[in-house]
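Colleague: pasting a predicted model and its sequence here:
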4 protein chains.
Amino acid sequence: MKEYLFKLTEKVRDYECDLQGVVNNANYQHYMEHTRHEFLESLGENFGDMHDNGLDAFVSRVEISYKTSLRSGDHYISCLNMYKKGVKLAFEQDIYRKSDGALAAKGTVESVLVENGKLTRGEYFDEIIKRMNIK
Amino acid sequence: MKEYLFKLTEKVRDYECDLQGVVNNANYQHYMEHTRHEFLESLGENFGDMHDNGLDAFVSRVEISYKTSLRSGDHYISCLNMYKKGVKLAFEQDIYRKSDGALAAKGTVESVLVENGKLTRGEYFDEIIKRMNIK
Amino acid sequence: MKEYLFKLTEKVRDYECDLQGVVNNANYQHYMEHTRHEFLESLGENFGDMHDNGLDAFVSRVEISYKTSLRSGDHYISCLNMYKKGVKLAFEQDIYRKSDGALAAKGTVESVLVENGKLTRGEYFDEIIKRMNIK
Amino acid sequence: MKEYLFKLTEKVRDYECDLQGVVNNANYQHYMEHTRHEFLESLGENFGDMHDNGLDAFVSRVEISYKTSLRSGDHYISCLNMYKKGVKLAFEQDIYRKSDGALAAKGTVESVLVENGKLTRGEYFDEIIKRMNIK
């Protein structure tokens, strides 16, 4: 497994599986969102508080390749790297099946930051990145 | 089918089915919520606007009996009746499979109204009920 | 907190919150389902495997009282007790906010066991209960 | 609006909105899945039946650009075009807000067909395309 900035281990919940008996595609996007928000919490931020303070990160683009289907009973490790891409924040997000390390899904997620309804130049992200480097 | 105040016909979405090949139990609660909110819209209200205006209906109790499982391809008719129960608003919510009229789920949902964080005596519900009677 | 047979600590995922900024009601049913299935796993069973072997537990009735809304950032402890009720298996399921022990939701869930399409007398549940007593 | 092979008009359900008050990103993937499956039904196929017959379409890649957030009360028109891309079936999927025709999300979804666990060369898709041309 490559190096990642942040990792989260979770277990498939059966209601996340669809009639094909595997985790429904849209749920990987949920896994990735939860991982980004937990990463944020690891830096002392909370997504709900940010929203209450007029600061909203919105996903502008998602790209996911599906490799191996996760199933009932599987644990997975959801990993991320992050970098600035102009005013956007880009996340590399890979999800592995824990039992054998198989790559389940591989994604790129780009988000922009909106403050009180206005698109920002991502200054807030710059601070997050600074904070990470200090840690 | 008995008489109802409001009916909504929808189709099962395949991602709502779980690994048992039937609509996951929690989704019937989603169906019932959507039906209540569409009923509200039929009376000229919108749940999101209400929230923005400091008015939130919160579900305090739900009771659902599951009778016949809905499956991929099924249409269903989601029906409701409504009455005041003290300060609460109570909804009788029945969901039928459209093809043969089989009862899929039968529920009772009670909700309270909170205005700017304070529990109300449900005056807002009284107005809704008045409006219905006039119609 | 009362005594429970099984407890699971999890964290609210932000996508589980709705436009009111709190965990959507239907998601508590998801939390309860996941807790039952994890309890099953603690006894050496897997829900997906059971289904593949022709054995399906179906929820026949759910009753949930909502007490305190869970929010972004909250951890919760999802607890269960279980007993036989005729051919049914009944679960008492309480969910507490971890930070202060406030009761978030209190539920009763009844399920029946269907084997290759036929309703059973719950013999399978008897075995589960026996196994628990031995542990 | 450009020309599309298939269109579906639906309404945002409030539980699909998250704490930011807009439809959660993952739900657009649900909207797109439901649109593909309804398209399939318009051609006389059902996704659940296909699965029961040992035929599963799996999404291999998704790319979505988010343009305008859908909100409580919004109707949307979910549109698709489809073409063969090697053994894959590629869907262009655009979702518009109905009120003003604003593009809400723009996606590309690629899927492969697996028959009794084996990757096919997509012969089944060829038949679907033939059927469409006749119609």
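Modeller: Happy to help now that I have it.
Colleague: next, the angle from the one helix or strand residue A:59 maps to to strand D:55-66.
Modeller: Using DSSP states H and E, residue A:59 sits within strand A:55-66. Inter-element angle recorded for strand A:55-66 and strand D:55-66: 150 degrees (by axes from the mean of the first three to the mean of the last three Cα atoms, to 10 degrees).
Colleague: note down every partner strand of strand A:55-66 and its orientation.
Modeller: Paired strands of strand A:55-66, with direction, are strand A:103-115 (antiparallel), strand D:55-66 (antiparallel) (DSSP bridges).
Colleague: what's in contact with the first one?
Modeller: Identification of contacts with strand A:103-115 by Cβ atoms under 8 Å, 6 or more residues apart in numbering or on different chains yields A:28-29, A:31-32, A:36, A:54-70, A:76, A:85, A:87-97, A:119-120, A:122, A:124-125. Heads up, the C-betas are built off the backbone N, CA and C, glycines and all.
Colleague: chain C contacts on chain A?
Modeller: Residues of chain A lying close to chain C by Cβ under 8 Å from any Cβ of the partner chain are A:11, A:13-15, A:17, A:21, A:30, A:33-34, A:37-38, A:41, A:46-49, A:51-52, A:71-73.
Colleague: if you set the cut-off to 6 Å instead, what comes out?
Modeller: For chain A, the residues in contact with chain C (Cβ under 6 Å from any Cβ of the partner chain) are A:13, A:14, A:15, A:30, A:33, A:34, A:37, A:46, A:47, A:48, A:72, A:73.
Colleague: and which of the residues you listed is nearest to residue C:134?
Modeller: residue A:73 (23.0 Å; Cβ to Cβ).
Colleague: distance of the spatially closest residue to the closest one that is not a sequence neighbour relative to chain B?
Modeller: Distances taken as Cβ to Cβ, 6 or more residues apart in numbering or on different chains put residue C:46 closest to residue A:73, at 4.7 Å, once the chain neighbours are dropped. Residue C:46 sits 11 Å away from chain B, going by Cβ to the nearest Cβ, to the nearest Å.
Colleague: by residue count, tell me the biggest helix in chain A.
Modeller: Criterion DSSP state H: the longest helix present in chain A is helix A:25-42.
Colleague: centre of the chain versus that one, how much separation?
Modeller: Here the centre of helix A:25-42 is set off from its chain's centre by 4 Å, with Cα atoms, centre = their mean, to the nearest Å.
Colleague: with stretch A:1-8 instead?
Modeller: Counting by Cα atoms, centre = their mean, stretch A:1-8 is centred 12 Å from the centre of its parent chain.
Colleague: cool, stretch A:33-48 as well?
Modeller: With Cα atoms, centre = their mean, you get 9 Å for stretch A:33-48.
Colleague: kindly report the same for stretch A:67-82.
Modeller: Stretch A:67-82 sits 12 Å away from the centroid of its parent chain (Cα atoms, centre = their mean).
Colleague: pull out the buried residues from the strand holding residue A:59.
Modeller: A:55, A:56, A:57, A:59, A:60, A:61, A:62, A:63, A:64, A:65, A:66 (16 or more other Cβ atoms under 10 Å in any protein chain shown).
Colleague: packing partners for the next helix or strand after that strand?
Modeller: As assigned by DSSP H and E, the chain's next helix or strand after strand A:55-66 is strand A:75-85. Judged by 3 or more Cβ pairs under 6 Å, 6 or more residues apart in numbering or on different chains; DSSP states H and E, the packing partners of strand A:75-85 are strand A:6-11, helix A:25-42, strand A:88-97.
Colleague: what's the closest of those to chain B?
Modeller: Closest approach to chain B among these (Cβ to the nearest Cβ): helix A:25-42, 6.5 Å.
Colleague: name the helices or strands packed onto the closest one?
Modeller: So helix A:25-42, by 3+ Cβ pairs under 6 Å, 6+ apart, packs with strand A:6-11, strand A:75-85, helix D:25-42.
Colleague: can you tell me which of the ones you listed is most buried?
Modeller: helix D:25-42 (a mean of 22; mean count of other Cβ atoms under 10 Å in any protein chain shown).
Colleague: ramachandran angles for residue A:73?
Modeller: The phi and psi torsions at residue A:73 (degrees, to the nearest 10) take the values phi 90, psi -20.
Colleague: what number of residues lie near it?
Modeller: Using other Cβ atoms under 10 Å in any protein chain shown, residue A:73 has 15 neighbouring residues.
Colleague: quick revisit: just put the helices and strands packed on helix A:25-42 in JSON lines and tack on mean pLDDT and distance to residue A:134.
Modeller: Shown next, in JSON lines, are the helices and strands packed on helix A:25-42 (pLDDT from 0 to 100; distance: least, Cβ to Cβ, whole Å):
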{"stretch": "strand A:6-11", "mean pLDDT": "98", "distance to residue A:134": "16"}
{"stretch": "strand A:75-85", "mean pLDDT": "96", "distance to residue A:134": "15"}
{"stretch": "helix D:25-42", "mean pLDDT": "97", "distance to residue A:134": "30"}
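Colleague: neighbours of the closest residue to residue A:70 other than its chain neighbours, just the number please.
Modeller: Excluding its sequence neighbours, the residue lying closest to residue A:70 (Cβ to Cβ, 6+ apart) is residue A:23, at 4.4 Å. By other Cβ under 10 Å, 27 other residues sit near residue A:23.
Colleague: and the pLDDT for residue A:130?
Modeller: Note on residue A:130: pLDDT of 86.
Colleague: isn't there a helix covering residue A:125?
Modeller: Yes - counting by DSSP: H, G, I helix; E, B strand; the rest coil, residue A:125 is located in a helix.
Colleague: dump the residue contacts of it.
Modeller: Residues in contact with residue A:125 (Cβ atoms under 6 Å, 6 or more residues apart in numbering or on different chains) are residue A:89.
Colleague: what about it, distance to residue C:73?
Modeller: Going from residue A:125 to residue C:73 by Cβ to Cβ, to the nearest Å gives 20 Å.
Colleague: what of residue A:67?
Modeller: Distance of residue A:67 to residue C:73, given as Cβ to Cβ: 32 Å.
Colleague: could you do residue A:65 as well?
Modeller: As judged by Cβ to Cβ, residue A:65 and residue C:73 stand 31 Å apart.
Colleague: before we move on, what about residue A:48?
Modeller: As judged by Cβ to Cβ, residue A:48 and residue C:73 stand 6 Å apart.
Colleague: picking that back up, quick check, pLDDT for the residue nearest to residue A:70.
Modeller: In this model, residue A:23 is scored at 98, pLDDT.
Colleague: who is it paired with across the strands?
Modeller: Here residue A:23, judged by DSSP bridges, has bridge partners residue A:17.
Colleague: OK, contacts around it?
Modeller: So residue A:23 contacts A:12, A:16, A:17, A:70 (Cβ under 6 Å, 6+ apart).
Colleague: now residue A:20
Modeller: Residue A:20 makes contact with D:51, D:56, according to Cβ under 6 Å, 6+ apart.
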